[in-house]
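K.L.:
just need the structure, nothing else, for what follows:
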Amino acid sequence: MPRLLAVVVLAVIATAARADNWPQWRGPHNDGICAEKKLPTKWDEKTNVVWKLPLPGLGASTPAVWGERIFLTAEAEKKVVGLCISTDGKELWRIDLGTLTIHARGDEGSAATASPSTDGSHVWFFAGSGELTCVDFDGKQVWSFNLQERYGTFKNQFGMHSTPVLYGDRLYLQIIHSGAALVVALDKATGKEVWKVKRESDGYAENEHSYASPMMWSNGKDAYLIVHGNDYATAHSLKDGSEIWRLGDLNVKDRYEPTLRFVASPVATPDLIVVPSAKFGPVVAIKPNASGLVMKESPFVQFRFPKTPDVPAPLVKDGQVYLLDAKDNFLLCLDAKTGKQVYKETLVKGRARHRASPAFADGHVYLLSKDGGTATVVKAGPKFELVASNKLDDTFAASPAFSNGRIYLRGYKSLYAIGEK
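P.N.:
Take a look at the predicted model:
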């Protein structure tokens, strides 16, 4: 009996070690990486789909997963709703989050784009109308307010899609549009403002409209916030919002491009921060110990590469930087030390826009295309190796989420749990 008990205990420990929560858009460490093992790499409508739950309307928010609960937002008639779904595919509750804003650019501008975040006891939802809401795990509202009422009317072309980042006891937001340029820290328990700083820029025209999300850099000891928009990426102290460094030369002033609005968000690892720009702008890798104004020739710049992902955020893993092109349907792999191109490979035949950010799990990079419902899985590393090309009858703009041996894919029509049945 003691030996049998020991085996059971070890099995439980192994399962617990394998299981990751996916608490916000880019996962447990805000970098698109999880420690899950034995995840499926191949699926279709008949294979490895554990369940499929129809959603009330479209959206592009990545699910947040904690334990046996999944959280996401969706459009529903004339409202945006927050949903709680069990990991066996049943809707547990839904709450109203705000009115439905006008769609921009056809199927691109959902009001349910910002992803929820959770700490295991509460969930924070943000809707395109400006409603920021905190609820407990039973769906009971703790607090709620509208950003437009507190910080001014949104003045941008395509709606507000920035996802607040949860870190410690605070929520951090960037509010960057033609009517405001603010970085804000909120008490997550109350929604009260902890600090607010104005973010200066000499950018103008459409570049005043940022659709990127703030990111957190941490090495396990120190941490700071990274904000991205209006020609610059800036790092801010968590204590008071003061600026630590500012990355320039993303939109070169002597040949200024007035439509280089940022959509793709940076990614931060303990040793390297990779900052995209937009369209035909550069991607820049910056060292985390940077300070002051960081321009092209700064020693804090590890490399500059002339091609950038326009919508998906970069992914950094094991010495490789992965850049997924939004429109031209290819994956770039760079050497993280030098920025030299390792490979460039087309992923999907024909037209295939990419809006979801790449994610890593169990030795593979997962890449979702919006059109055709195609998910490409490639082996991570310096050599391109196609593992699978998987199709589902849906449209995917949300990034994948991984938790407890499953992959959760949020389509415009349904939420899918991918795993072994």
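K.L.:
wait, R26 touches A64, no?
P.N.:
No - counting by C-beta atoms under 8 Å, R26 sits too far from A64 to count as a contact (10.8 Å). For the C-beta atoms, the positions are set from N, CA and C on the backbone; glycine is no exception.
K.L.:
all strands of the stretch 201-350 of the chain, in order?
P.N.:
Counting by DSSP state E, counting those that start in this stretch, one finds strands in the stretch 201-350 of the chain at the ranges 215-218, 223-229, 232-236, 243-247, 267-268, 273-275, 283-286, 292-294, 301-305, 315-317, 320-324, 330-335, 341-346.
K.L.:
in the second one, what counts as buried?
P.N.:
By neighbour count, and taking 16 or more other C-beta atoms under 10 Å as the criterion, the buried residues in strand 223-229 are Y224, L225, I226, V227, H228, G229.
K.L.:
could I get those as CSV with pLDDT and distance to N404?
P.N.:
Below are those laid out as CSV (pLDDT from 0 to 100; distance: C-beta to C-beta, whole Å):
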residue, pLDDT, distance to N404
Y224, 98, 31
L225, 98, 30
I226, 98, 29
V227, 98, 32
H228, 98, 31
G229, 98, 35
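K.L.:
wait, which of those residues is closest to N390?
P.N.:
H228 (30.9 Å; C-beta to C-beta).
K.L.:
residue contacts, the residue nearest to that closest one when sequence neighbours are not counted?
P.N.:
Counting by C-beta to C-beta, 6 or more residues apart in numbering, A212 is the residue found nearest to H228 once chain neighbours are left out, at 4.1 Å. Counting by C-beta atoms under 8 Å, 6 or more residues apart in numbering, A212 makes contact with S162, Q174, H228, G229, F262, V263, A264, S265, P266.
K.L.:
what bridges to the nearest residue to the last one once chain neighbours are set aside?
P.N.:
When you say that, I think you mean P266. Using C-beta to C-beta, 6+ apart and skipping the chain neighbours, the partner closest in space to P266 is V275 (4.6 Å). As for beta bridges, V275 partners with V284 under DSSP bridges.
K.L.:
separation between V275 and V227?
P.N.:
V275 is 11 Å from V227, where distance means C-beta to C-beta, to the nearest Å.
K.L.:
who touches both of those two?
P.N.:
A233.
K.L.:
just to revisit the earlier point, relative to F158, which of the buried residues of strand 223-229 is nearest.
P.N.:
Nearest to F158 among the buried residues of strand 223-229, counting by C-beta to C-beta, is G229 at 13.3 Å.
K.L.:
what residues of stretch 278-292 count as buried?
P.N.:
Buried residues in stretch 278-292, counted by 16+ other C-beta under 10 Å: A278, G281, P282, V283, V284, A285, I286, P288, A290.
K.L.:
pick out the most distant pair among those residues.
P.N.:
Of all pairs in these, the most separated under C-beta to C-beta is A278 and P288 at 23.0 Å.
K.L.:
surely L58 is within a helix?
P.N.:
No - using DSSP: H, G, I helix; E, B strand; the rest coil, the assignment for L58 is coil, not a helix.
K.L.:
dihedrals phi and psi, the closest residue to it other than its chain neighbours?
P.N.:
Take L58 and drop its neighbours on the chain: the residue closest to it by C-beta to C-beta, 6+ apart is Y412, 4.1 Å away. Backbone torsions of Y412, given as degrees, to the nearest 10, read phi -70, psi -30.
K.L.:
and what of D371?
P.N.:
Main-chain torsions, D371, degrees, to the nearest 10: phi -90, psi 140.
K.L.:
how close does the nearest residue to it once chain neighbours are set aside get to A326?
P.N.:
Of all residues not flanking D371 in the chain, A352 sits nearest, at 5.0 Å (C-beta to C-beta, 6+ apart). Going from A352 to A326 by C-beta to C-beta gives 10 Å.
K.L.:
ok, the residue nearest to Q341 when sequence neighbours are not counted to L238 distance?
P.N.:
Distances taken as C-beta to C-beta, 6+ apart place L334 nearest to Q341, at 5.9 Å, with adjacent residues excluded. As for L334, its distance to L238 is 30 Å (criterion: C-beta to C-beta).
K.L.:
out of these two, which sits in the busier spot?
P.N.:
L334 (26 against 19; other C-beta atoms under 10 Å).
K.L.:
wait, doesn't the more buried one sit right on F305?
P.N.:
Yes - the pair L334 and F305 qualifies as a contact (C-beta under 8 Å) at a distance of 6.1 Å.
K.L.:
anything in contact with each of those two?
P.N.:
Residues touching both L334 and F305 (C-beta under 8 Å, 6+ apart): L323, Q341.
K.L.:
one step back: in CSV: the contacts of A212, plus distance to A361.
P.N.:
Output for these, formatted as CSV (distance: C-beta to C-beta, whole Å):
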residue, distance to A361
S162, 25
Q174, 28
H228, 25
G229, 29
F262, 27
V263, 24
A264, 21
S265, 20
P266, 21
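K.L.:
any stretches of this protein with poor pLDDT?
P.N.:
In the predicted model of the chain, residues 1-19, 102-107 satisfy pLDDT under 70.
K.L.:
show me where it has helices.
P.N.:
Secondary structure of the chain by DSSP state H: the helices cover 2-18, 147-151.
K.L.:
gap between L55 and R26?
P.N.:
When L55 is compared with R26 (using C-beta to C-beta), they lie 21 Å apart.
K.L.:
ugh, typo on my part, it should be P214
P.N.:
From P214 to R26 the distance is 11 Å (C-beta to C-beta).
K.L.:
what does P40 give?
P.N.:
From P40 to R26 the distance is 21 Å (C-beta to C-beta).
K.L.:
quick one: which of these two has more around it?
P.N.:
For P40 versus R26, neighbours defined as other C-beta under 10 Å are more numerous around R26 (28 against 19).
K.L.:
wait, W124 touches S115, no?
P.N.:
No - under the contact definition of C-beta under 8 Å, W124 does not touch S115, with a separation of 9.9 Å.
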